[in-house]
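# I would like to see how this sequence folds:
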Amino acid sequence: MKLLKNKQFWGIIVAIALLAFCVKDVRLSELRQLSHRVDLIHLIPTVILAFIYIISRGMRWRLLVSQQKFLPFFRGVSLYSAGQVLNVVMPALTGQVGRLFLFARKEGMTKSFVFSTIVLEILFDAISLVVFLLFTSLAFAFPEEYRSVGIIIAVVTSIILILLYLMLTFQSRLESLGHRYCRNRWPGFYISIKKFIRSFGKGIETLRSSQHFFVSLFYSLIGWTSHMFIIYFLLRSFGFNLPVAASAAVMIINTLALMVPITPGNAGTFEVAVAASLSAFNVGRSDAVLFAVALHLLDLFPVFILGLGFLRSEKLSLAEIKSQHEDKMILDEIGEDGHLLEDKEEHP
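Numbering: from 1, shown residues only. The predicted model follows:
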């Protein structure tokens, strides 16, 4: 019964089912033909770009936390990669909880502050997605459902950005209102919400500085551009002569389809999304599935190299972190009052 209640167990079951569905029509002869057809020269830039992709995202996170703590280049990137490893091995939103505790534990940051950097990561990725969606739509006609999702993302991103700016601008007023109406009636709630506002506010201080904002956005665009060319060169390696716009379209459709993680590392869901997007460019099903598997492995390779290296150097056990937090989701760490729950030692 304990196993049946485990999110990771069901995530693995779904992943296996989806992978089996993807590869059921792939024949061994087709795999052999592909091995002879693959252009290894084009694989060189894909590997390099895969490392650039994770490094650019690590640099962005390093910049976001610089408001509270300076991290050396290699430590910041490897710590970020270790957090991504947790995202890969833990299903749904449980991986974000693992990241939350890992960053807080290793660098002494409050979970509210770390949570704010995760929010900003999602925000900058959403802005980058809208930018790529805009430019790619000029060269490729997206299906109606994806255009609708893109418009929704643009609207929601704009609203969140406005709300975050309002929170920064009126932070002192929010604290004053809490002091006036909550301190005497609900002192525990008042202290918690005050701590959350201040800690979360430190995390989104990046939005106050136009320089930090645009540098963070620059790192985001570098990461997305790198991933677009990873797909482009991998397509060339497989012998598919598709334009860069097609690579961008595959990346965007894949991102939209995987907005809600279901399986560990999006195993199965990733392959289904990529194979489906390639079908729009008349790529055969078997080739599309094999390409999706190769792309997925390529995305994970630098993350595990850097992330597991960090965990080993810090003498951290991946199994220990998973056992502590795999049954929690990010929403479980937010109380009914809307504030993020901190460790007991953070509430003397």
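
# make it CA atoms for all contacts and neighbour counts henceforth
Fine.

# quick one, helices of the chain?
For the chain, applying DSSP state H gives helices covering 7-23, 28-37, 43-65, 73-89, 94-107, 111-137, 144-169, 171-181, 187-203, 210-237, 244-257, 269-279, 285-313, 318-325.

# Turn the ones you listed into CSV, columns for mean pLDDT and mean neighbour count.
Output for these, formatted as CSV (pLDDT from 0 to 100; neighbours: other Cα atoms under 10 Å):
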stretch, mean pLDDT, mean neighbour count
helix 7-23, 71, 18
helix 28-37, 73, 11
helix 43-65, 92, 22
helix 73-89, 87, 22
helix 94-107, 76, 21
helix 111-137, 80, 20
helix 144-169, 68, 14
helix 171-181, 70, 14
helix 187-203, 62, 19
helix 210-237, 90, 20
helix 244-257, 81, 21
helix 269-279, 83, 22
helix 285-313, 88, 19
helix 318-325, 66, 14
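
# between these, which one is nearest to residue 263?
helix 7-23 (4.3 Å; Cα to Cα).

# list the contacts for residue 30?
Counting by Cα atoms under 8 Å, 6 or more residues apart in numbering, residue 30 makes contact with residue 286.

# Look up how far residue 112 lies from it.
From residue 30 across to residue 112, the span is 50 Å (Cα to Cα, to the nearest Å).

# quick one on the thing from earlier: and the helices of the chain as TSV, adding distance to residue 263?
Listed next are the helices of the chain as TSV, based on distance: least, Cα to Cα, whole Å:
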stretch	distance to residue 263
helix 7-23	4
helix 28-37	26
helix 43-65	21
helix 73-89	9
helix 94-107	11
helix 111-137	19
helix 144-169	22
helix 171-181	38
helix 187-203	29
helix 210-237	21
helix 244-257	13
helix 269-279	7
helix 285-313	13
helix 318-325	15
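
# Residue 16 against residue 269, yeah?
No: if you go by Cα atoms under 8 Å, residue 16 and residue 269 don't touch, sitting 10.0 Å apart.

# you'd agree residue 103 is up against residue 114?
Yes: counting by Cα under 8 Å, residue 103 touches residue 114, with 6.9 Å between them.

# who's in contact with residue 285?
Shown in contact with residue 285 (Cα under 8 Å, 6+ apart): 275, 279.

# Convert the C-alpha atoms of stretch 106-124 to CSV, please.
Output in CSV follows, covering the C-alpha atoms of stretch 106-124 (Å, rounded to 0.1, in the frame of the first residue of the first chain):
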residue,chain,number,x,y,z
LYS,A,106,24.0,24.0,1.2
GLU,A,107,24.0,27.8,1.1
GLY,A,108,22.0,28.8,4.2
MET,A,109,19.3,30.6,2.3
THR,A,110,15.7,30.7,3.5
LYS,A,111,13.3,28.5,1.6
SER,A,112,11.2,31.6,0.8
PHE,A,113,14.2,33.2,-0.9
VAL,A,114,15.0,30.1,-2.9
PHE,A,115,11.3,29.8,-3.8
SER,A,116,11.4,33.3,-5.1
THR,A,117,14.3,32.5,-7.4
ILE,A,118,12.4,29.5,-8.8
VAL,A,119,9.4,31.8,-9.5
LEU,A,120,11.8,34.2,-11.3
GLU,A,121,13.3,31.3,-13.3
ILE,A,122,9.8,30.4,-14.5
LEU,A,123,9.0,34.0,-15.3
PHE,A,124,12.2,34.5,-17.4
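
# how far does it sit from the chain's center?
13 Å (Cα atoms, centre = their mean, to the nearest Å).

# same thing with stretch 311-318?
With Cα atoms, centre = their mean, you get 22 Å for stretch 311-318.

# Which residues does it contact?
82, 86.

# redo that, cut-off 10 Å
Here stretch 311-318 makes contact (Cα atoms under 10 Å, 6 or more residues apart in numbering) with 78-79, 81-83, 85-86, 89, 98, 102, 106, 307-310, 323.

# Among those residues, which pair sits farthest apart?
Across the contacts of stretch 311-318, the longest distance by Cα to Cα is 21.8 Å; it joins 78 and 323.

# if we take the contacts of stretch 311-318, which one ends up nearest to residue 24?
residue 89 (24.3 Å).

# ok, so what distance separates that closest one from residue 77?
19 Å.

# Residue 242 now?
Taking Cα to Cα, one finds residue 242 at 32 Å from residue 77.

# now residue 12
28 Å.

# Residue 83 contacts residue 98, doesn't it?
Yes: Residue 83 sits in contact with residue 98 when judged by Cα atoms under 10 Å, with a separation of 7.1 Å.

# As a quick check, tell me the outermost residue of the protein.
residue 184 (40.5 Å; Cα atoms, centre = their mean).

# Look up how far residue 173 lies from that residue.
17 Å.

# do the same with residue 210
Taken as Cα to Cα, the span from residue 210 to residue 173 is 23 Å.

# Between residue 16 and residue 269, which contacts overlap?
The contact sets of residue 16 and residue 269 overlap at 22, 263 (Cα under 10 Å, 6+ apart).
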